[in-house]
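Enquirer: Okay, structure incoming, though there's no sequence with it:
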């Protein structure tokens, strides 16, 4: 398991990334994943919210399933926030 508060572990993992790295889940390249994680950290520090792609009701339903349930995301899941990759 990755401990996100362990800066040494994160640095070691990030330095091990290569442009040839293949996705183990989904379709994000290492570059996409780093950009995605950077966005998440920025938004968690009260930056402007990301564009909402659905109605509030549907967004709350997706949030309930994706964040607050024990269900696993399907292999190949692509967040609508990423657009086409």
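Expert: Received it, and whenever you're ready, just let me know what you need. Nothing here was measured: the structure is a model prediction, and the numbers come from that model. Numbering: from 1, shown residues only.

Enquirer: what's the offset of the lowest-mean-pLDDT helix or strand in the chain from the middle of its chain?
Expert: Every helix and strand of the chain was ranked by mean pLDDT, DSSP states H and E. The lowest is helix 30-44, at a mean of 81. Centroid displacement of helix 30-44 relative to its chain, using C-alpha atoms, centre = their mean, to the nearest Å, is 7 Å.

Enquirer: For that helix, which residues meet the burial criterion?
Expert: Judged by neighbour count using 16 or more other C-beta atoms under 10 Å, the buried positions of helix 30-44 are residue 30. (C-beta placed from N, C-alpha, C; glycine too.)

Enquirer: Give the next helix or strand downstream of it.
Expert: Next in sequence after helix 30-44, counting helices and strands by DSSP states H and E, comes helix 56-66.

Enquirer: Can you get me a residue count around residue 56?
Expert: The number of residues packed near residue 56 is 8, by other C-beta atoms under 10 Å.

Enquirer: Make 10 the first number, not 1, from now on.
Expert: Okay, residue one is now 10; in that scheme the one you just asked about reads as residue 65.

Enquirer: returning to what we had before: show me what the least confident helix or strand of the chain is packed up against.
Expert: Helices and strands touching helix 39-53, by 3 or more C-beta pairs under 8 Å, 6 or more residues apart in numbering; DSSP states H and E: there are none.

Enquirer: ok, now how distant is the residue lying farthest from the centre of the chain from residue 73?
Expert: Within the chain, the residue lying farthest from the chain centre (C-alpha atoms, centre = their mean) is residue 66, at 21.5 Å. Distance check for residue 66 against residue 73: by C-beta to C-beta, to the nearest Å, it reads 11 Å.

Enquirer: same check, this time on residue 25
Expert: Residue 25 is 34 Å from residue 73, where distance means C-beta to C-beta.

Enquirer: Kindly report the same for residue 82.
Expert: As for residue 82, its distance to residue 73 is 14 Å (criterion: C-beta to C-beta).

Enquirer: Assign residue 33 to helix, strand or coil.
Expert: The local conformation at residue 33, judged by DSSP: H, G, I helix; E, B strand; the rest coil, is coil.
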